[in-house]
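# The following block contains a protein sequence and its predicted model.
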Amino acid sequence: MNDPLDVFRLTDRVAVVTGASSGIGRAVAEVLAGAGARVVLGDIDEAGVAAVADAIVADGGDALSQRVDVSVRADQDSLVARAVDAFGRLDVMANVAGVASDGPLADVDEAEVDRLLGIHVKGTLFGCQAAVRAMRGRGGSIVNVASGAIDLAVPNYGLYALTKSAITMLSQTLATEVGGDGIRVNVIAPGATLTAFTERHLRDEEGEIVPERLDAFLDAMRARSPIGLVGEPIDQAWLVLYLASDASRFCTGQIWRANGGQTIPR
Ligand SMILES: NC(=O)c1ccc[n+]([C@@H]2O[C@H](COP(=O)([O-])OP(=O)(O)OC[C@H]3O[C@@H](n4cnc5c(N)ncnc54)[C@H](O)[C@@H]3O)[C@@H](O)[C@H]2O)c1
């Protein structure tokens, strides 16, 4: 009998993952490598992403890393070129790097607007452009990362939400443009997930996690989910594995929500 799980295997495939030194990007890198992909990992945290690559190699996988600022086109081109030079091809591009931004839209300053547009909009676009160039003629899968913030207007998350919303239209439009090249483009919109990104709400002035803040945060997130769960990075990584693999060959231009039902309209 054929093993239906074989369709998820990424043996001989090559994947680039940005934001791979921490949280969701790290989990994506580990899961894709665990499924057999050779991975090339980029992050602005050079030492952090090198440590993730080293751990994958120590575990028997193939991984390389390099420092990349996703908002810089030359960095993204160089990251994808590294994958093609080292492993001969690119099959999967996961544009995961992202940052938080807090504060009311009425007061946000120009530098912060430029920072968020740079990392989320330019960063995702430049990653996609580099990937499309490498994938043209042979196909591939691009996975971009939005957020549950695209579904709900929440005070103080406006700049984050609008730049993440741009990623969905970028991805859907690109999907219509490159489908003929066999390239699929999908977006994941993660629900609240405990990572360095969410921990900013939970730390005191010394940078220590305050247990009461952690409990309150987990309670608030559980309350939003009909199944009472708070997400972990692996929940997003399993979804990215599906979208990277041939199991999702009929899926493109879609927004995928592993979020515990947090954004069900109620
Ligand atoms: N954690 C959540 O609740 C949540 C929810 C929805 C969406 N997301 C999105 O998921 C993605 C991953 O977030 P996470 O929760 O794992 O956070 P994280 O802070 O743990 O990881 C983000 C990574 O991106 C890297 N990064 C930041 N700016 C960069 C740049 N300019 N160039 C290259 N790398 C850069 C950071 O160094 C870090 O390793 C982000 O796009 C975030 O917006 C997170």
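Thanks, I have the structure now.
# Now for the residue nearest the centre of the chain: which residues touch it?
In the chain, the centroid-proximal residue (C-alpha atoms, centre = their mean) is V96; its distance is 2.4 Å. By C-beta atoms under 8 Å, 6 or more residues apart in numbering, the residues touching V96 are V17, T18, G19, A20, I24, G25, V28, V145. In this view, the C-beta of every residue, glycine as well, is placed from N, C-alpha and C.
# go on, I264?
By C-beta under 8 Å, 6+ apart, the neighbours of I264 are P226.
# Close to the ligand: what parts of the stretch 101-250 of the chain are there?
I119, V145, S147, G148, P190, A192, T193, T195, A196, F197, T198 (C-beta under 6 Å from any ligand atom).
# Mind doing that once more with 8 Å?
Residues of the stretch 101-250 of the chain lying close to the ligand by C-beta under 8 Å from any ligand atom are 118-120, 123, 145-149, 160, 164, 189-198, 231, 233, 236.
# Quick check: mean pLDDT of the longest helix belonging to the chain?
Secondary structure of the chain per DSSP state H: the longest helix is helix 158-178. The pLDDT scores in helix 158-178 average 98.
# How far away from the center of its chain is the following helix or strand past it?
Using DSSP states H and E, the helix or strand that follows helix 158-178 in sequence is strand 183-188. Strand 183-188 sits 11 Å away from the centroid of its parent chain (C-alpha atoms, centre = their mean, to the nearest Å).
# Equivalent analysis for stretch 136-146, please.
The answer for stretch 136-146 is 13 Å, by C-alpha atoms, centre = their mean.
# okay, how far is it across it, tip to tip?
24 Å (C-alpha to C-alpha, to the nearest Å).
# Throw the contacts of V96 into TSV and include pLDDT, distance to A131 and neighbour count, thanks.
Below are the contacts of V96 laid out as TSV (pLDDT from 0 to 100; distance: C-beta to C-beta, whole Å; neighbours: other C-beta atoms under 10 Å):
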residue	pLDDT	distance to A131	neighbour count
V17	99	11	36
T18	98	11	30
G19	98	15	29
A20	98	15	32
I24	98	18	28
G25	98	15	29
V28	99	15	32
V145	98	14	25
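# any weak-confidence spans in the stretch 51-200 of the chain?
In the prediction, the stretch 51-200 of the chain carries no residues with pLDDT under 70.
# This structure: strands as residue ranges?
14-18, 38-43, 63-67, 92-95, 140-145, 183-188, 255-256 (DSSP state E).
# Quick check: nearest residue in space to D181, chain neighbours excluded?
R136 (5.0 Å; C-beta to C-beta, 6 or more residues apart in numbering).
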